[in-house]
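Predicted structure and sequence below. I'll ask about it afterward.
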Amino acid sequence: MAAAVDALDAKILRLLLEQPRTSVREYARVLGVARGTVQARLDRLERDGVITAYGPSVSPAALGHPVLAFVHIEVTQGHLDDVGDALAEVPEIIEAFSITGAGDLLTRVVARDNEHLEDVVQRLIQLPGVVRTRTEMALRERVAHRVLPLVEAVGRRAAATAGRDRTATPTERDRTAGARREG
């Protein structure tokens, strides 16, 4: 179950995404709340799994791996975990997901060039439990990995819900809260 994120949480997340190297003290100043409040919120967001990591975003292309491909992997029944473990040993695989639809796994693979990509795919094909692969090369990134628009949408919904709760009568607030708990 997703953790409840309110409007202040969303503002903190936005600052964290936009200004990741800023101090908690500065976030508190910008938001007009106590530093302890911001720290407590960050701790809760981490504990609830909303914030999953801190650190730089590193460009594979800047590391000499400008080719990006998505490799679908079909796996022999009962070998999904084994193949998943083996994929973790391939440094060019930067993400892997078990999926529904055509194939069992979807991997995001980077390579130095097309020949290197072919070598990586050939390595994948040889893994025990891999039946076949299908590769799709990315031509151009159209939307970079992002979560800020989602954070903003969640924050707007939380603020709107809080606004409705403030204008409702006590009886209406009780009914709304009860409906949320039941849903």
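In hand now; what should we look at?

Quick one: the helices in this protein, in order.
7-18, 24-31, 35-47, 80-87, 114-125, 148-167, 170-182 (DSSP state H).

What pLDDT does the model give the closest residue in space to residue 34 that isn't next to it in sequence?
Leaving out its chain neighbours, the residue that sits closest to residue 34 by Cβ to Cβ, 6 or more residues apart in numbering is residue 28, at 6.2 Å. In this view, the C-beta of every residue, glycine as well, is placed from N, C-alpha and C. On pLDDT, residue 28 comes in at 97.

Over to residue 84?
pLDDT for residue 84: 97.

Tell me if I'm right that it and residue 98 touch.
Yes. Using Cβ atoms under 8 Å, residue 84 is in contact with residue 98, at 7.2 Å.

who's more crowded, these two?
When neighbours are counted by other Cβ atoms under 10 Å, residue 84 and residue 98 differ, and residue 84 comes out ahead with 18 against 14.

Could you check how far the residue lying closest to the more buried one once chain neighbours are set aside is from residue 104?
Spatial nearest neighbour of residue 84, excluding adjacent residues (Cβ to Cβ, 6+ apart): residue 96 at 6.6 Å. Note on residue 96: its distance to residue 104, by Cβ to Cβ, to the nearest Å, is 11 Å.
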